[in-house]
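Colleague: Sequence and predicted structure below; questions after.
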Amino acid sequence: MNSDLNIYLPNSEENWSINHDMIYYHKYVYIPVLSIRDNTIWVSLDRRISKAIIKMVKHLMSLNVKFYFSTRITIHKKNIFEEELQDIIRTYLLALTDEIFFDEIFDSGFDYMQNLTDFMTHYDCHDLFKQPYENVKKDYLCEITDWYANKTYFKIKKEYIRDFIRTLEREIKLNMLI
Amino acid sequence: MVRNRAWRRHMEDKKVTNRLKRLCDGSWWRFEDACNIKISLPKWFDFIGTQRSYFFKNSSTSRWDTRHKVKWGKKGKMSYDWSSDPRTRPKDKKRYKKELNELGLKHIPTKLGRKLEY
């Protein structure tokens, strides 16, 4: 199995390593990046190593392989339950709030929303999308007022990311129709 | 003992891990890691990439002659430079810019590297 996983290594750097059917990236500790279970590839959306994950996504795009994202906790597990599916959708949405990750993913030409819709159709969890989406909207799109400085600001500074998250539900429905 | 790049990286890793282990004394109420996942009993590697991980960052050096040296630039806390050593990085920069002005050159920092314009 380890010889099969060698194809998915994006670089010949020393930081990448394979152990127990999983690819790790070393940053102070060995952090899991990629695993295969039920003949599907899972990439963890761990923002501790966002640069390494973007490299991995670009490499998988060049190989034309289908893959899904998962959380740093669920990547270790063999079976996925309903609560964990909701967590995965939440991490999909929360990754968009990171400005560096957002820019680099969409500049690379990767269809992130199509990947999300494919994941939801594969596991029949379209109903689970609504609650994490509303929570993310409530937390990240609201305007915060600093009364001491008498200023208002947003958690996400860039306006086009906020607009993207606002119109995200409609885009997923369009992707489902296509 | 060969003190090459790998050794320097290893020493830096040791410093950072010690700093993160200092954060992990007890349980944190409503701790969220870099991925915004709530963890009840976080370990030291859960602090990587969070805002708290920069809390114990050193702003001074361990050497006696440059103990008050501004390690992270002029924007750091200790803006007053006590170091008498002319081989420090900010003083090198000053000398470099002065020489550029004398020769009639301009310094333009770029992404790829430093470039000189005539």
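Modeller: Perfect, I can see it now. No experiment lies behind these values; they were computed from the predicted model shown.
Colleague: Can you show me the strands along chain B?
Modeller: With DSSP state E as the definition, chain B shows strands at residue ranges B:31-32, B:38-39, B:106-109, B:114-117.
Colleague: Shouldn't residue A:30 be within a helix?
Modeller: No - counting by DSSP: H, G, I helix; E, B strand; the rest coil, residue A:30 is located in no helix; its state is strand.
Colleague: Spit out the contact partners of it.
Modeller: Residues in contact with residue A:30, defined by Cβ atoms under 8 Å, 6 or more residues apart in numbering or on different chains, are A:17, A:19, A:24. Yep, even glycine has a C-beta here, placed from its N, CA and C like the rest.
Colleague: run the last query once more with 10 Å
Modeller: Taking Cβ atoms under 10 Å, 6 or more residues apart in numbering or on different chains as the criterion, residue A:30 is in contact with A:15, A:17, A:19, A:22, A:23, A:24, B:45.
Colleague: what do you get for residue A:133?
Modeller: The contact partners of residue A:133, by Cβ under 10 Å, 6+ apart, come to A:89, A:90, A:92, A:93, A:165, A:168, A:169, A:172.
Colleague: Name the next helix or strand following the helix or strand encompassing it along the chain.
Modeller: Secondary structure here is read from DSSP states H and E; on that basis residue A:133 sits in helix A:130-140. As assigned by DSSP H and E, the chain's next helix or strand after helix A:130-140 is strand A:143-146.
Colleague: thinking again about what came up before, now the weakest link among the strands of chain B, please, by mean pLDDT.
Modeller: Least confidently modelled of these is strand B:114-117, at a mean of 50 by mean pLDDT.
Colleague: how close does residue A:71 sit to chain B?
Modeller: As defined by Cβ to the nearest Cβ, to the nearest Å, residue A:71 lies at a distance of 7 Å from chain B.
Colleague: Then residue A:171?
Modeller: If you go by Cβ to the nearest Cβ, the gap between residue A:171 and chain B works out to 22 Å.
Colleague: how many other residues sit next to that residue?
Modeller: 14 (other Cβ atoms under 10 Å in any protein chain shown).
Colleague: Which helix or strand contains it?
Modeller: For residue A:171, the element it lies in under DSSP H and E is helix A:168-177.
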